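Visitor: Curious how this folds, go ahead:
(one chain, ligands or ions: 2)
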Amino acid sequence: MLIIMKLESPRKDIESVKNKIAEKNCIPHEIPGASKLGIGITGPTNLLIEEDFSSMDSVEEVIRVTKPYKLVSREMKPDSTVINLNEIKIGGDELTIIAGPCSVESRQQLFDIAGVLKEMGIKLLRAGAYKPRSSPYSFQGLKEKGVEYLLDVKKELGMMIVTEAKDTKSLPLIAAAADVIQIGARNMQNFSLLEEVGQLSNAVLLKRGLAATIEDLLMSAEYILSQGNFNVVLCERGIRTFETMTRNTLDLNAIPMIKKNSHLPIIVDPSHGIGIWDKVPSMALAAIACGADGLMIEVHNHPDKALSDGFQSLTPKNLKKLLDKIEQLASIVDRKINYYATVK
Ligand code: PEP
Ligand code: MN
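Guide: Ligands and ions are numbered 1, 2, ... in the order given. Reported below is the predicted structural model:
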């Protein structure tokens, strides 16, 4: 259920509504809109009576939200969410470019790649320190050492960090280093991990599960918002289908469908989506064309030597070529790129 408060409602009326919700064993969530305040309600809302609220002072409207996800829905919040990360935003009219290697492999490797990305104007560096790999014999990441190198890059180069939290055990260490905590596809339905990131204030990048529907993804995001963290960015990264010629099937349908059903920003990871480096640029451009709020792209300075996902990684030079095309496309889709292309 959603309660829309009248314009400039006094705080005491807002608090009375919230207290009444709590009395009924439900949870009120303030959702600031462009002009009016919404109060989203979660919990056993079937026991609530609409008239009990519509008769209260300053209440403009009471709306029943019929979907299984509530706080992430557009019904609950009609304006698109824009997440503020220092000088850049994710969502709104900005296009966010996240780039970096699949994994932190060494201090030198991370600094070499981060240095060249920074020169291109990339603000958000991705790199995994804890890697959830399909085979237990594959490189599992540098773990604590990897986080230490990410912190060094953050301090020395001033880049913001996107890195994955693989489990609740490593979450505190990741949360201390990451500007954006990545929840990987394999963990999209790790509900205890989702609840824990929900209690933090870091932005969260939630990747779609390998066999998850769009509704499953939205319900997983709901777990995070329901704990109080509204800084969630969704990520389409391809799903498993009968197709074997590509690593995954990038479901670009998800972009307009998520835009219709949710206020959360959605970015696309074309690297995992198609899994073939020289096809990544086409899918990246397609993602922007269909309304994605940004991209997360794997980049490696020596893709043939990468310890993970080299076959789908662009070299910095190829990323630069793609960024030039994205820059042209951005004006067609009425977007600004929130990195500053200083290397032409
Ligand atoms: C990654 O971003 O490197 C990764 C492991 O992604 P996913 O969880 O989408 O497979
Ligand atoms: Mn990867």
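
Visitor: Residues in contact with stretch 40-48: which ones?
Guide: By CB atoms under 8 Å, 6 or more residues apart in numbering, the residues outside stretch 40-48 that reach it are 1-3, 21, 24-31, 65, 70-71, 76-77, 226. Placement of C-beta: from N, CA and C, glycine included.

Visitor: In strands only, show me these.
Guide: If you go by DSSP state E, the contacts of stretch 40-48 have 2, 3, 27, 28, 29, 30, 31 in strands.

Visitor: Enumerate the residues of the protein near ligand 2.
Guide: Neighbours of ligand 2 within the chain, by CB under 5 Å from the ion: 102, 309.

Visitor: Any idea which residue of the chain lies closest to ligand 1?
Guide: Here the chain gets closest to ligand 1 at one residue, residue 184, 3.0 Å apart by CB to the nearest ligand atom.

Visitor: quick one: that residue and residue 194, what's the gap?
Guide: 12 Å (CB to CB, to the nearest Å).

Visitor: again, but for residue 95
Guide: For residue 95, the distance to residue 194 - CB to CB - is 27 Å.

Visitor: Residue 119 too?
Guide: Where residue 194 is concerned, residue 119 sits at a distance of 36 Å (CB to CB).

Visitor: Of the two, which one has the most company?
Guide: residue 194 (25 against 13; other CB atoms under 10 Å).

Visitor: Setting aside sequence neighbours, what's the nearest residue to that one?
Guide: residue 223 (3.9 Å; CB to CB, 6 or more residues apart in numbering).

Visitor: mind listing what the one you found touches?
Guide: 191, 194, 195, 198 are the contacts of residue 223 under CB under 8 Å, 6+ apart.

Visitor: related to what we said a few turns ago, please indicate which of the ones in strands among the contacts of stretch 40-48 are buried?
Guide: Neighbour-count burial (16 or more other CB atoms under 10 Å) is assigned, among these, to 2, 3, 28, 29, 31.

Visitor: Assess the claim that the fourth one and residue 72 are in contact.
Guide: No - between residue 29 and residue 72 no contact is recorded; they are 11.2 Å apart, counting by CB atoms under 8 Å.

Visitor: Can you check which residues contact both of those two?
Guide: In contact with both residue 29 and residue 72: residue 225, using CB under 8 Å, 6+ apart.

Visitor: and the residue of the stretch 101-250 of the chain found nearest ligand 2, backbone torsions?
Guide: Across the stretch 101-250 of the chain, no residue is closer to ligand 2 than residue 102, which sits at 3.3 Å (CB to the ion). Per-residue torsions, residue 102: phi -60, psi -50 (degrees, to the nearest 10).

Visitor: pLDDT added to the ones in strands among the contacts of stretch 40-48, as TSV?
Guide: Shown next, in TSV, are the ones in strands among the contacts of stretch 40-48 (pLDDT from 0 to 100):
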residue	pLDDT
2	92
3	94
27	93
28	95
29	93
30	92
31	88
